[in-house]
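Enquirer: Got a predicted structure plus its sequence, pasted below:
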Amino acid sequence: MTNAQPGCTRRSLLKGLAAGSAVCALGDLAGAAAASAAGRGRLPRSRPEEAGVDPAGILAFVAGVEQKVGGLHSFMLLRHGHVAAEGWWAPYAPERPHMLYSLSKSFTSTAVGMAVSEGLLTVEAPVVSFFPAALPAKIDPNLAAMRVRHLLSMSTGHDKDATSRTNTAADGDWVKAFLSLPVEHPPGSKFVYNSAATYMLSAIVQKLTGVTLLDYLKPRLFAPLGIEKPTWESCPRGINTGGWGLSIKTEDIAKFGQLYLQGGEWNGRRLVPESWVREATSKQVSNGTNPASDWAQGYGYQFWRSRYGAYRGDGAFGQYCVVMPEQDAVLAITSGIGDMQAVLNLAWEHLLPAMAPGTASAGAAPVELKRTLRGLTVPPPAGKPTSPTAARVSGRTYRFEANGERLESAALTFREGRGGRAVATLRGEGGEHRIECAANEWIKGAAPLNDLSNAPVAARGAWADDDTYVMKVCFIETPYVQTITWKFAGDQATVTRKMNVGFGPTERPPLVGRVA
């Protein structure tokens with residue numbers, strides 16, 4: 001699969017110039033002991049070889065993702081409930097939450113399972129029964145036949161993804177918009193990846209409980225797992241989006257996977273019914289026939305079936321929670337990549353053999369793995385810290401003609417004696433924003449992202465040649481990394497911007513500015 005999550009809702013990525021598209025326990029350690037430590041905040045750690053994981057295999061996996069997809073943002077491998085290896089590509093860091101996109105769906109499914117166990121609903125309940133005031137005047141037989149289980153299994157009967165037709169409702173009533181859409185096929189007859197279906201699950205939970213999906217899960221899931229400060233985006237009517245929008249840390253993803261691996265028990269307490277874990281992660285509907293694709297092994301209740309007996313939740317641009325029951329392992333990943341199948345291929349190629357009995361190696365691999373994991377970084381711009389051009393252009397304001405970005409002017413100011421530091425100042429309808437970067441380190445700051453005026457960023461910059469300055473801006477709680485290139489010639493500057501990933505075009509038209 002070369003494009004992440006075909007049904008993911010398209011979001012406005014950035015505003016202004018920023019617009020655009022290590023480790024594991026011995027094999028006899030009980031899962032309950034791991035859960036006890038995790039309930040206090042952190043999962044237990046031990047060396048990979050102690051858990052029967054070959055460090056050389058982990059090294060090969062890391063090398064593979066760097067070579068084939070340009071690296072990740074983070075990964076954490078659990079074995080027998082302990083962390084066997086972990087790494088973050090600077091400037092991404094363990095304490096930072098990360099946007100999950102459709103990996104959020106698996107958490108929504110969990111909430112529905114909890115509500116079922118509390119007797120609030122059944123998976124056979126008609127969808128129309130929850131929203132009588134939002135129903136169309138005439139209810140189509142297929143809509144009337146749609147059950148909660150059809151929302152869960154992405155088999156609502158829609159001919160195509162209903163998300164864009166749902167979340168663009170002029171009055172902000174997404175529930176009414178969803179229920180007004182034609183249902184072309186009998187529910188259960190066809191798999192169509194459909195984030196709007198997951199939104200409806202969120203709406204049902206909120207209708208039944210009187211609280212948002214996030215608030216419902218806080219005491220039941222997040223608090224017991226030690227997941228702190230989760231956030232979830234909402235629709236205009238205050239309903240959590242369900243199918244996307246959750247942000248938590250990498251270790252939190254790993255805890256969630258471990259909970260499912262343990263059949264829904266955590267620290268001696270039943271959080272999710274074992275029957276729901278089994279049902280949600282089993283094949284409920286067929287979604288393809290390609291034996292080489294992890295997107296064609298069947299779909300459960302907001303979980304994908306995978307090859308090699310595994311299952312997972314995942315989200316656009318490489319957010320994964322992979323549960324491997326046969327290996328008693330969990331793999332959590334955040335990233336900003338376009339080819340999601342490539343990452344899973346590398347996991348199967350290198351991590352599965354590394355966990356086979358009797359394969360843990362000695363020698364230099366453990367030391368090399370430790371060194372490698374400590375040195376991971378997003379590739380910075382290639383080039384030199386200074387240029388003769390810097391003095392000529394530093395501090396000059398370049399004004400742009402009217403443009404679709406609504407950017408009025410930009411300036412690049414270089415600071416002498418500060419390790420090649422530069423400050424980009426961007427002015428437009430959204431006000432003035434400054435992004436600071438350096439040649440030899442990531443400089444933290446903030447920049448506009450979606451509806452956030454100050455999303456956390458970290459930036460680096462370098463001169464690719466005497467007249468070309470390149471900035472790399474990582475939005476460190478999201479998949480997005482933007483490259484901004486300034487080309488100076490005479491009294492003008494040409495600014496181009498390219499995003500690493502996106503649901504549409506990732507490169508914006510160049511803006512040509514002249515000295516004010």
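Expert: That came through, no problem.

Enquirer: for the helix or strand harbouring residue 196, the distance to its chain's centre please.
Expert: Using DSSP states H and E, residue 196 falls within helix 195-209. In terms of Cα atoms, centre = their mean, to the nearest Å, the centre of helix 195-209 is set 21 Å apart from its chain centre.

Enquirer: Tell me the helices and strands packed up against it.
Expert: helix 104-117, helix 148-152, helix 163-166, helix 174-180, helix 213-217 (3 or more Cβ pairs under 8 Å, 6 or more residues apart in numbering; DSSP states H and E). In short, each C-beta sits where N, CA and C put it, glycine included.

Enquirer: which element is the closest residue to residue 333 other than its chain neighbours on?
Expert: Leaving out its chain neighbours, the residue that sits closest to residue 333 by Cβ to Cβ, 6 or more residues apart in numbering is residue 320, at 4.2 Å. Assigned by DSSP H and E, residue 320 belongs to strand 319-324.

Enquirer: domain ranges for this protein?
Expert: The chain breaks down by automatic domain parsing into domains covering 22-96+249-374, 389-515.

Enquirer: Give me whichever of those is most buried.
Expert: domain 22-96+249-374 (a mean of 20; mean count of other Cβ atoms under 10 Å).

Enquirer: and that domain, how far from the chain's centre?
Expert: Domain 22-96+249-374 sits 15 Å away from the centroid of its parent chain (Cα atoms, centre = their mean).

Enquirer: per-residue confidence averaged over it?
Expert: Across domain 22-96+249-374, pLDDT averages out at 90.

Enquirer: Which residue lies nearest the spatial centre of this protein?
Expert: The residue lying closest to the centre of the chain (Cα atoms, centre = their mean) is residue 100, at 3.0 Å.

Enquirer: Look up phi and psi at it.
Expert: phi -100, psi -20 (degrees, to the nearest 10).

Enquirer: What does the pLDDT read for it?
Expert: Predicted confidence (pLDDT) for residue 100: 98.

Enquirer: That one contacts residue 246, doesn't it?
Expert: Yes: contact criterion Cβ atoms under 8 Å: residue 100 and residue 246 qualify, at 4.9 Å.

Enquirer: Can you give the distance from stretch 149-165 to the centre of its chain?
Expert: That offset, for stretch 149-165, works out to 21 Å (Cα atoms, centre = their mean).

Enquirer: and it, how far apart are its ends?
Expert: 21 Å (Cα to Cα, to the nearest Å).

Enquirer: same question, stretch 207-215
Expert: Stretch 207-215 has an end-to-end distance of 13 Å (criterion: Cα to Cα).

Enquirer: contact partners of it?
Expert: Stretch 207-215 has contacts (Cβ atoms under 8 Å, 6 or more residues apart in numbering) with 108, 111, 115, 120-121, 130-131, 202, 205-206, 216, 230-232, 234, 238-240, 242, 246.

Enquirer: how about the strands of the stretch 151-300 of the chain, start to end?
Expert: 231-232, 246-248, 265-266, 269-270 (DSSP state E, counting those that start in this stretch).

Enquirer: Which of those sits closest to residue 370?
Expert: For the strands of the stretch 151-300 of the chain, proximity to residue 370 was assessed by Cβ to Cβ; strand 246-248 is nearest, at 26.3 Å.

Enquirer: Would you mind listing the outside residues contacting the closest one?
Expert: 97-100, 103-104, 107, 214, 227, 230-233, 477.

Enquirer: for those, which one is nearest residue 327?
Expert: Nearest to residue 327 out of the contacts of strand 246-248 is residue 103 (Cβ to Cβ; 20.4 Å).

Enquirer: Quick check: the gap between that closest one and residue 312.
Expert: 9 Å (Cβ to Cβ, to the nearest Å).

Enquirer: what sits in contact with each of those two?
Expert: By Cβ under 8 Å, 6+ apart, residue 103 and residue 312 have these common neighbours: 320-321.

Enquirer: And for residue 160, the neighbour number?
Expert: 13 (other Cβ atoms under 10 Å).

Enquirer: could you list every residue that touches the nearest residue to it once chain neighbours are set aside?
Expert: Nearest in space to residue 160, with sequence neighbours left out and distances taken as Cβ to Cβ, 6+ apart, is residue 192 at 6.3 Å. Contacts for residue 192 were tallied using Cβ under 8 Å, 6+ apart; they are 7, 154-156, 158-161.

Enquirer: Now which of those residues would you call buried?
Expert: Among those, those classed as buried by 16 or more other Cβ atoms under 10 Å are 7, 154-156, 158, 161.

Enquirer: tell me the contacts of the closest residue to residue 153 other than its chain neighbours?
Expert: Ranked by Cβ to Cβ, 6+ apart and with sequence neighbours excluded, the top spatial neighbour of residue 153 is residue 284, at 4.2 Å. Residues near residue 284 by Cβ under 8 Å, 6+ apart: 149, 152-153, 155, 298-301.

Enquirer: Then residue 410?
Expert: Counting by Cβ under 8 Å, 6+ apart, the residues that residue 410 touches are 17, 397-398, 400, 424-427, 493, 495, 511, 513.

Enquirer: now the helix or strand harbouring it: mean pLDDT?
Expert: Using DSSP H and E, residue 410 sits in strand 407-415. What strand 407-415 shows for mean pLDDT is 93.

Enquirer: Which strands border that strand, and is each parallel or antiparallel?
Expert: strand 397-400 (antiparallel), strand 421-428 (antiparallel) (DSSP bridges).

Enquirer: Tabulate those (JSON lines), appending mean pLDDT and distance to residue 481.
Expert: Below are those laid out as JSON lines (pLDDT from 0 to 100; distance: least, Cβ to Cβ, whole Å):
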{"stretch": "strand 397-400", "mean pLDDT": "96", "distance to residue 481": "24"}
{"stretch": "strand 421-428", "mean pLDDT": "93", "distance to residue 481": "16"}
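
Enquirer: hang on, the earlier thing: residue 370: which of the contacts of residue 192 is nearest?
Expert: Of the contacts of residue 192, the one sitting nearest to residue 370 (Cβ to Cβ) turns out to be residue 7, at 39.7 Å.

Enquirer: rewinding a little: lowest-confidence one in the contacts of residue 192?
Expert: Comparing the contacts of residue 192 by pLDDT, residue 7 comes last, at 37.

Enquirer: on that earlier part again, what packs against the strand holding residue 320?
Expert: Short answer (3+ Cβ pairs under 8 Å, 6+ apart): strand 319-324 packs on helix 250-261, strand 311-315, strand 329-334, helix 340-346.
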